[in-house]
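J.: The following comprises the amino acid sequence and a computationally predicted model.
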Amino acid sequence: MESNRQRKVAQIIQEDMAEIFRKQASDSKQSFLVSVSDVKVTPDLGIAKIYLSIFPAELREPIMKEINENNAFYRNYLGQKMAKQVRIIPQLVFYIDTSLDDVERIEKELKGEGDNPIL
């Protein structure tokens, strides 16, 4: 069970990270979208697990690599935004959220367009 504090910190992180990813996508020459689908914070507020949906799918790996390489930049950015609200800025761990791909695959399977044989 998440405490109210965990939920509030997670929501702040989600909003701030969405803002920076939106700015970076608009400044980039490539056309892509990074959305923060979920944030989970540990009870001690020391680690934030950030789940990202990246479109188009073929850019996922290079974008995730760049995000992980710039982890310190993102943590510093959060530190500036959250300085008055928390004592310790959590460590950031990024994950790819593939739930939308799973939904699309299941819908294809149900329509009979996938690899699933029709019984």
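T.: Good, I have the coordinates.

J.: longest single helix anywhere in the chain?
T.: In the chain, taking DSSP state H as the definition, the longest helix is helix 4-27.

J.: Residue 97 versus residue 12, what's the distance?
T.: 19 Å (CB to CB, to the nearest Å). Where you see a C-beta, it was placed from the backbone N, CA and C, and this is true even at glycine.

J.: should've said residue 61
T.: 14 Å.

J.: Is residue 79 located within a helix, as I assumed?
T.: Yes: the assignment for residue 79 is a helix, going by DSSP: H, G, I helix; E, B strand; the rest coil.

J.: Just list the residues touching it, thanks.
T.: By CB atoms under 8 Å, 6 or more residues apart in numbering, residue 79 lies in contact with residue 89.

J.: Give the closest residue to residue 40 in space, chain neighbours not counted.
T.: residue 49 (4.5 Å; CB to CB, 6 or more residues apart in numbering).
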